[in-house]
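S.K.: How does the following fold in three dimensions:
(2 chains)
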Number of protein chains: 2
Amino acid sequence: MSATIAVIGLGNAGLPLAAVIAENEIEVLGVDIDPVRCQRINRGENPIPQETGLDELIRRHGGKSLVACADYQEARSCQVFIVIVPLFVDHMFNPDYRILESAFRSIGRILKPGDLVILETTVPPGTTERLVKPWLEEESGMELGQFHLAYSPERIMTGYSISRLREFPKVVGGLDEDSGLLAYQVYSRFIPHLSLVSSARVAEFIKVMEGCYRDVNIGLANELFKIAGDLGVDFFEARNFANHQYCHVHLPSTGVGGHCIPVYPWFLIREMERLERFDHARLLRTAREINDQMAEHWAGQILLQCMRLDRPLAQVRICVRGITYRSGVKEFHHSRNLALVRLLMDKGLQVYAWDELMSREEVEAKGLNWLPPQEADLVFDTSTLKMEMPGGGA
Amino acid sequence: MSATIAVIGLGNAGLPLAAVIAENEIEVLGVDIDPVRCQRINRGENPIPQETGLDELIRRHGGKSLVACADYQEARSCQVFIVIVPLFVDHMFNPDYRILESAFRSIGRILKPGDLVILETTVPPGTTERLVKPWLEEESGMELGQFHLAYSPERIMTGYSISRLREFPKVVGGLDEDSGLLAYQVYSRFIPHLSLVSSARVAEFIKVMEGCYRDVNIGLANELFKIAGDLGVDFFEARNFANHQYCHVHLPSTGVGGHCIPVYPWFLIREMERLERFDHARLLRTAREINDQMAEHWAGQILLQCMRLDRPLAQVRICVRGITYRSGVKEFHHSRNLALVRLLMDKGLQVYAWDELMSREEVEAKGLNWLPPQEADLVFDTSTLKMEMPGGGA
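M.R.: Numbering: from 1, shown residues only, chains lettered A, B, ... in the order given. A predicted model of the protein is given here:
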């Protein structure tokens, strides 16, 4: 098992990466805390069916050149460790580093001189230097230089991860020069579009910056969408003709959900607070507020639509169609669609939820009432932002 | 002179348009209040030398198929009137419609049944319907339907206007269906990439939306630039690798100047205030504030840089290099570079200005002190955002 690359974390980001490495004729040892997931992968079963192209790679390499296990000891002969475990945030969007810390301390305990460790999880800029380096040094008893440490942000998007790894530009930055060069060499064996940047911190900032661009531009789209409505302008028509090579107005929404875009701006907002630069993240914060406030906006729009129905408001059956954080992905992290349902429930309205990815039982297990859209008086589709009245309006 | 198109306003936007129309073998009558400018154009002289390609067109058509005059009466036989006069704003960014009103009332007095009037000036959405239509109806004694009225925003950029007209998508929207179709037919004779949208109001919104996208994204770039500085990250390196097909982080600056981008967001902000939608333009307003605040940011950076000089702060000769609103354009409207010079002067520092487009006399006529950069102790280049110490630091 020598010259094997260890991928720590076989989740939505880690497993596609491990599969792509295996596809490039490199032995991969995947480490994941979930032994059942590991067994499935070793049987050639893909635990992320919505990931295009992953089925085939796992069938071909699972249990062969891609071996999954739950024990770090299995990775002790590896010389390269790529860490791609989740970084969760608390309810105030402060990062909870416990999973990262546990992964790196586990690696530190099996680290050998000359080994290379790379973090891929999106983190606040400075994390690799300020936290990861001391964790590894404490556990290994070595100092940076004896081992190598770099950062290279994953840029996957669930559903498109394989093509992202094959077609998208990837950046890598070392904590020192040797680490950067070594990490660049390793990645160049399986990543076609690779760039070495001047430091791990720059690489960390690049990824967070992208998320901030997305969040602010979705916030702008939501703001312009509301203004267009106030001015009697069809936003979608206007957007279609406003966009060109220098103009990229995004799409409006119920807000921004998931583990990524709604979280990354907070990394910078909190960092600016910590540095007492209170006015250095105003736009990021405003965009966050606008996006999160869209649930309230749509609740208001749904109420206005109820005027078209010839029945008392309290008896109108409102169905929110699509409650996962985005359509096609069965996840709820920071789902603004779910927030909209709860907001309407809090107002005392008769609200039901429906989602093509969920059974009645799954919806009800979330404490929501379930109803097929065609049985509701009013349906709000969170994906198209359209409202329908299956029984016809008044 | 029948079948001639009249272009009202031969400024930075109107003259390139008139020249492109003439180049397409259509007779153009240009109307401008400045008789000297008209004479120059009729002699084949280009009054906007920085406009690429315009010299040749004016030499070829000026005084021939493009005739300029100061009197609307000369245009009385025209059947198409394209208005592209400036819309200024007062110090609170409220539009001052007097130039527009004067132009349209002048047209109204010579308007004939079946004529087509098109506004190209960027305006708050609704202006063509709410203001232009009544001006024309009052002066002509006709009602819309007897004449035609449409809106088609100019999308030029000084220096690139000819190529913009030839290569950029242009939209047109009518106040009624006939007006839209007729305006589309007229423009299709000289604009290759043309789209008809559903209304004048949508066309108005499209142009303002573009400006808002630019302003908010420049605001975001400025905010991320400051954050990168706080985190010890080279913003320009990070931006270079962050940008790809889905990410378009803009460039930081001293703010946003000129007649366009810093003004258009206010059109929507003021309109939302008028409609009492006070929370519907928060992002637009925050971006405006961030961009306008950059002068203060750079003043602070310049002061910090003075620590490197071995002389009392009050004796440091600071030279701001580049004071027009953007490099290469000799205009000062909402110039944040000029604002920076004045801000430093207000602080009592020894501040000088220098600009490659301006003589010593022109700089001094603005009430500023002039000094060549090489004679200053500290030079701040507003275009590159770089600071230099010609005499070397301490």
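S.K.: and the longest helix along chain A with helix B:200-231, angle?
M.R.: Assignment by DSSP state H gives helix A:200-230 as the longest helix of chain A. Orientation check (axes from the mean of the first three to the mean of the last three Cα atoms, to 10 degrees): helix A:200-230 against helix B:200-231 gives 160 degrees.
S.K.: and after helix A:200-230, which helix or strand comes next?
M.R.: Using DSSP states H and E, the next helix or strand after helix A:200-230 towards the C-terminus is helix A:235-242.
S.K.: Buried residues, that following helix. List them.
M.R.: Buried residues in helix A:235-242, counted by 16 or more other Cβ atoms under 10 Å in any protein chain shown: A:F235, A:E237, A:A238, A:R239, A:F241, A:A242. The way it works is simple: take the backbone N, C-alpha and C, and place the C-beta from them, glycine included.
S.K.: Now do the longest helix of chain A against helix A:235-242: the angle between them, please.
M.R.: Going by the same axes, to 10 degrees, helix A:200-230 makes 120 degrees with helix A:235-242.
S.K.: and helix A:200-230 with chain B, contact?
M.R.: Yes: counting by Cβ under 8 Å from any Cβ of the partner chain, chain B has neighbours in helix A:200-230: A:201-203, A:205-207, A:209-210, A:212-214, A:216-217, A:219-220, A:223-224, A:226-228, A:230.
S.K.: still on that earlier bit, pick out whichever of the buried residues of helix A:235-242 sits closest to B:V186.
M.R.: Taking Cβ to Cβ as the measure, B:V186 lies nearest A:F241 of these, at 18.5 Å.
S.K.: ranges for the helices of chain A?
M.R.: Secondary structure of chain A (DSSP H): helices located at A:14-23, A:35-42, A:54-61, A:98-110, A:127, A:133-140, A:161-167, A:177-187, A:200-230, A:235-242, A:264-274, A:282-305, A:336-346, A:360-365.
S.K.: now what about the shortest one, what contacts it?
M.R.: Around helix A:127, the neighbours that count as contacts under Cβ atoms under 8 Å, 6 or more residues apart in numbering or on different chains are A:Y97, A:L100, A:L119, A:E204.
S.K.: what is the mean pLDDT for that helix?
M.R.: Mean per-residue pLDDT for helix A:127: 98.
S.K.: Same question for stretch A:241-257.
M.R.: Mean pLDDT, computed over stretch A:241-257, is 96.
S.K.: now do stretch A:193-203
M.R.: Regarding stretch A:193-203, the rounded mean pLDDT is 97.
S.K.: With stretch A:316-332 instead?
M.R.: Mean pLDDT, stretch A:316-332: 93.
S.K.: Do me a favour and get the end-to-end distance for it?
M.R.: End-to-end span of stretch A:316-332 (Cα to Cα, to the nearest Å): 26 Å.
S.K.: does chain B sit close to it?
M.R.: No: looking at stretch A:316-332 against chain B by Cβ under 8 Å from any Cβ, there are no contacts, and the closest approach is 15.3 Å.
S.K.: re the thing from before, out of the helices of chain A, which gets the lowest mean score?
M.R.: Ranked by mean pLDDT, the helices of chain A bottom out at helix A:161-167, with a mean of 90.
S.K.: Flag every buried residue along it.
M.R.: Neighbour-count burial for helix A:161-167 flags A:S161, A:I162, A:R164, A:L165 (criterion: 16+ other Cβ under 10 Å).
S.K.: Measure how buried A:R342 is and give me the count.
M.R.: By other Cβ atoms under 10 Å in any protein chain shown, 19 other residues sit near A:R342.
S.K.: Check the gap between it and A:E23 for me.
M.R.: 42 Å (Cβ to Cβ, to the nearest Å).
S.K.: Please apply the same query to A:R270.
M.R.: A:R270 is 38 Å from A:E23, by Cβ to Cβ.
S.K.: Could you list which residues are in contact with the residue lying closest to A:H193 once chain neighbours are set aside?
M.R.: Nearest residue to A:H193, sequence neighbours excluded (Cβ to Cβ, 6 or more residues apart in numbering or on different chains): A:P169, at 4.6 Å. Counting by Cβ under 8 Å, 6+ apart, A:P169 makes contact with A:R155, A:H193, A:L194, A:S195, B:F241, B:H244.
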